[in-house]
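Student: test case, fold it:
(one chain, ligands or ions: 2)
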Amino acid sequence: MDNCIFCKIARKEIPSNAVYEDDDILAFHDINPAAPVHFLLIPKLHIDSLAEVQDNHQDLLGKMLLLAPKLAKAQGCEDGFRTIINTGRAGGQEVFHIHFHIIGGRERLPGMI
Ligand code: 5GP
Ligand code: ZN
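Tutor: Residues are numbered from 1 along each chain as shown. Ligands and ions are numbered 1, 2, ... in the order given. Presented below is the predicted three-dimensional model:
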């Protein structure tokens with residue numbers, strides 16, 4: 001996708017602070033972190049959102065899910081972390097390239113989503 005900001009990050013046209021990369025997946029620190037640890041896990045393949053996933057994305061999404069706790073631990077979230085996938089405008093999604101927020105490093109406070 002030519003104009004997708006996360007595709008541009010995956011293609012290195014926009015710099016990011018990478019946490020992990022392989023042929024299919026990239027993880028990088030969120031530019032506006034909501035907690036001491038806040039990185040984004042994306043497939044390099046452009047998928048608009050969780051609402052658009054297809055059966056042929058199963059292995060890719062499974063790989064991302066299995067990677068999440070390993071990367072969270074490596075970033076210092078030994079005791080746990082949050083995984084958030086905003087989906088659609090009503091779901092708070094701003095960047096329409098599917099991504100997992102991995103957030104940790106402080107406890108979830110009352111009232112915090
Ligand atoms: P959403 O609301 O779509 O779930 O979250 C998008 C996230 O992407 C936000 O937390 C925002 O800070 C992050 N973000 C947007 N643009 C960039 C960027 O160019 N670089 C990085 N590293 N993060 C970005
Ligand atoms: Zn994209």
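Student: how about the helices in this structure?
Tutor: 5-10, 58-74 (DSSP state H).
Student: of the ones you listed, which is nearest residue 51?
Tutor: Closest of the helices of the chain to residue 51 is helix 58-74, at 13.0 Å (criterion: C-beta to C-beta). All C-beta atoms are positioned from the backbone trio N, CA, C, and that covers glycine.
Student: picking up where we left off before, winner for burial among the helices of the chain?
Tutor: helix 5-10 (a mean of 19; mean count of other C-beta atoms under 10 Å).
Student: distance from that one to the middle of the chain?
Tutor: 12 Å (C-alpha atoms, centre = their mean, to the nearest Å).
Student: pairing partners for the longest strand anywhere in the chain, with directions?
Tutor: As assigned by DSSP state E, the longest strand anywhere in the chain is strand 37-43. Next to strand 37-43 in the sheet, as set by DSSP bridges, lie strand 25-29 (antiparallel), strand 100-104 (antiparallel).
Student: buried stuff in the first one?
Tutor: Within strand 25-29, the residues that qualify as buried by neighbour count (16 or more other C-beta atoms under 10 Å) are 25-28.
Student: residue 26 and residue 18 touch, don't they?
Tutor: Yes: counting by C-beta atoms under 8 Å, residue 26 touches residue 18, with 6.5 Å between them.
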